[in-house]
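Novice: make a model of this:
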Amino acid sequence: MCVLLVMAVGSGCAAEPGQGGGAPKATGKTGASTSAAAPAHGQEPASPGRGERGDRKGGADGEQPDGNAGSRKEEGREKGRADARKDSGEEGGERPKGERGEGRERVGEKAAAGPAEALAAYAKRMKKIQAARAAAARRWGLRQTPLPPPPPPDEKPRITTRKGFEVDRHKGLPPVFTTVPTKQKVVFLTIDDGAEKDPKLLRMMSELRIPYSAFLSDYVVRDDYGYFGRMQDRGVSLHNHTLTHPYLPALSYAKQKAEICGQQARIEKRFGKRPRLFRPPYGSYNRDTLRAAKSCGVKAVPLWAAEAFPDHMEWREWDRDLHPGDIILTHFRGKAEWKGSMPDMIRNVMKVVTAKGYAVARLEDYV
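Specialist: Predicted coordinates:
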């Protein structure tokens with residue numbers, strides 16, 4: 001018996017070079033761009049009958065019965081059958097052999113009561129959580145209560161590079177992807193860079209219980225590491241978005257490695273955990289980027305399938321829609337650069353996600 005509960009990726013930058021300012025795109029090696037011109041920044045048996053054992057024991061003891069041996073032996077067998085019926089939960093001795101399994105089924109039902117009770121307790125707990133989420137949604141001005149995500153998969157899906165996003169001799173390098181392979185109606189929310197440090201965002205996401213992942217660039221984070229420490233304390237995973245947010249394909253292998261591995265070390269020092277995920281600025285990379293990332297422990301490179309703003313969504317896919325497993329990108333931005341605040345952006349993206357019947361799940365449970 002199982003119960004299903006039910007982010008999208010940001011590169012901390014604007015559309016990829018050649019993406020056309022958010023115009024729909026289904027294929028193409030846009031992610032592996034090698035142009036040197038940098039775009040603007042922005043964006044889990046019943047045991048044998050006792051009579052049988054008695055028969056074997058009798059033979060072993062060497063007891064030789066008299067002329068009534070056959071009768072006593074048959075009585076022993078009948079006693080064994082009766083005992084077996086008793087063990088299996090049967091009340092009478094007249095039930096045909098073919099029906100004896102029913103007793104064992106009833107025993108099994110009793111044994112299953114534990115998991116059933118646990119499931120009921122889980123459902124009750126989730127109902128309480130969803131009621132709290134509904135109250136929070138009203139406080140924060142959401143049109144609909146965010147849907148609860150399903151339990152994480154027992155085994156994470158196998159992540160591969162999206163077709164068209166490969167680099168030459170890509171085998172053995174971290175996979176680059178925009179969507180996690182899953183049939184569940186979940187998406188993943190990711191926020192890039194770290195420029196805006198709105199305390200309301202921390203409260204809003206905690207009260208709404210919306211999971212998200214942060215991809216940080218040190219040059220905009222270092223003035224307030226504490227903000228992201230508090231974010232981490234609330235269950236948010238912190239990942240790599242380079243030290244200074246450069247256009248990586250224009251740099252040598254050594255300089256790219258310094259940017260990526262340097263941020264790996266910085267995040268580990270400041271927050272105690274080395275990131276497994278890396279997103280290249282502007283979603284742009286080449287083979288050297290992936291080689292450098294692999295050399296310092298990066299396991300995967302999530303890009304994005306859609307991007308969220310306070311007043312609209314931008315789409316990579318031709319159908320301008322969400323799909324199971326899509327990664328949504330947004331940024332740490334405020335009114336100085338956006339038409340709204342971080343809470344405004346969350347209200348907008350959740351309006352779209354919930355209306356389409358999706359829940360936001362935790363990326364790290366799947367990747």
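Novice: is it true that Val186 touches Leu363?
Specialist: No - at 9.8 Å, Val186 and Leu363 do not qualify as touching, with contact defined as Cβ atoms under 8 Å. C-beta here means a position set from N, CA and C on the backbone, and glycine is covered the same way.
Novice: and those two? which has more neighbours close in?
Specialist: Ranked by neighbour count (other Cβ atoms under 10 Å), Val186 and Leu363 place Val186 first, with 29 against 26.
Novice: residues touching that one, list them.
Specialist: Contacts for Val186 (Cβ atoms under 8 Å, 6 or more residues apart in numbering) come out as Val6, Pro149, Pro150, Pro324, Gly325, Tyr358, Ala359, Val360, Ala361.
Novice: list the contacts for Leu216?
Specialist: Listed by Cβ under 8 Å, 6+ apart, the contact set of Leu216 reads Asp193, Gly194, Phe228, Leu238, His239, Asn240, His241, Gln263, Ile267.
Novice: swap in Leu290?
Specialist: Val167, His170, Leu173, Pro174, Val176, Val301.
Novice: just say helix, strand or coil for it.
Specialist: helix (DSSP: H, G, I helix; E, B strand; the rest coil).
Novice: per-residue pLDDT, it?
Specialist: Per-residue pLDDT puts Leu290 at 98.
Novice: which of the contacts of Val186 count as buried?
Specialist: Val6, Pro149, Pro150, Gly325, Tyr358, Ala359, Val360, Ala361 (16 or more other Cβ atoms under 10 Å).
Novice: now, among these, which is nearest to Tyr282?
Specialist: Gly325 (22.7 Å; Cβ to Cβ).
Novice: wait, that closest one sits on Phe177?
Specialist: No - checked against Cβ under 8 Å, the pair Gly325 and Phe177 is beyond contact range at 9.1 Å.
Novice: thought Thr354 was touching Thr145, still the case?
Specialist: Yes - using Cβ under 8 Å, Thr145 is in contact with Thr354, at 7.5 Å.
Novice: residues contacting the nearest residue to Tyr253 once chain neighbours are set aside?
Specialist: Distance criterion Cβ to Cβ, 6 or more residues apart in numbering; nearest residue to Tyr253, sequence neighbours excluded, is Asp288 at 4.2 Å. Asp288 makes contact with Leu248, Leu251, Ser252, Tyr253, Gln256, according to Cβ under 8 Å, 6+ apart.
Novice: list the contacts for the first one?
Specialist: If I follow you right, that is Leu248. Leu248 makes contacts with Thr242, Gln256, Glu259, Pro280, Pro281, Ser284, Tyr285, Asn286, Asp288, Thr289, as judged by Cβ under 8 Å, 6+ apart.
Novice: next, it: phi, psi?
Specialist: Torsion angles at Leu248 (phi, psi; degrees, to the nearest 10) stand at phi -60, psi -40.
Novice: against Leu363, how distant is it?
Specialist: 22 Å (Cβ to Cβ, to the nearest Å).
Novice: helices along the stretch 201-350 of the chain, start to end?
Specialist: 218-221, 225-233, 253-271, 287-295, 342-355 (DSSP state H, counting those that start in this stretch).
Novice: can I get those helices in CSV with distance to Arg162?
Specialist: Supplementary listing: these in CSV, determined by distance: least, Cβ to Cβ, whole Å:
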stretch, distance to Arg162
helix 218-221, 28
helix 225-233, 29
helix 253-271, 20
helix 287-295, 13
helix 342-355, 21
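Novice: out of those, nearest to Ala136?
Specialist: helix 342-355 (11.4 Å).
Novice: name the helices or strands packed onto the closest one?
Specialist: helix 199-208, strand 306-308, strand 313-315, strand 327-331, strand 359-361 (3 or more Cβ pairs under 8 Å, 6 or more residues apart in numbering; DSSP states H and E).
Novice: all strands of the stretch 101-250 of the chain, in order?
Specialist: With strands called from DSSP state E, counting those that start in this stretch, the stretch 101-250 of the chain shows them at 176-177, 186-193, 213-216, 237-240.
Novice: one step back: mean pLDDT added to the helices and strands packed on helix 342-355, as JSON lines?
Specialist: Formatted as JSON lines, these follow (pLDDT from 0 to 100):
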{"stretch": "helix 199-208", "mean pLDDT": "98"}
{"stretch": "strand 306-308", "mean pLDDT": "98"}
{"stretch": "strand 313-315", "mean pLDDT": "97"}
{"stretch": "strand 327-331", "mean pLDDT": "98"}
{"stretch": "strand 359-361", "mean pLDDT": "98"}
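Novice: in CSV: these, plus distance to Val349.
Specialist: Listed next are the helices and strands packed on helix 342-355 as CSV, based on distance: least, Cβ to Cβ, whole Å:
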stretch, distance to Val349
helix 199-208, 12
strand 306-308, 4
strand 313-315, 7
strand 327-331, 6
strand 359-361, 9
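Novice: show me where this protein dips below the pLDDT cut-off.
Specialist: Residues of the chain meeting the criterion pLDDT under 70: 1-113.
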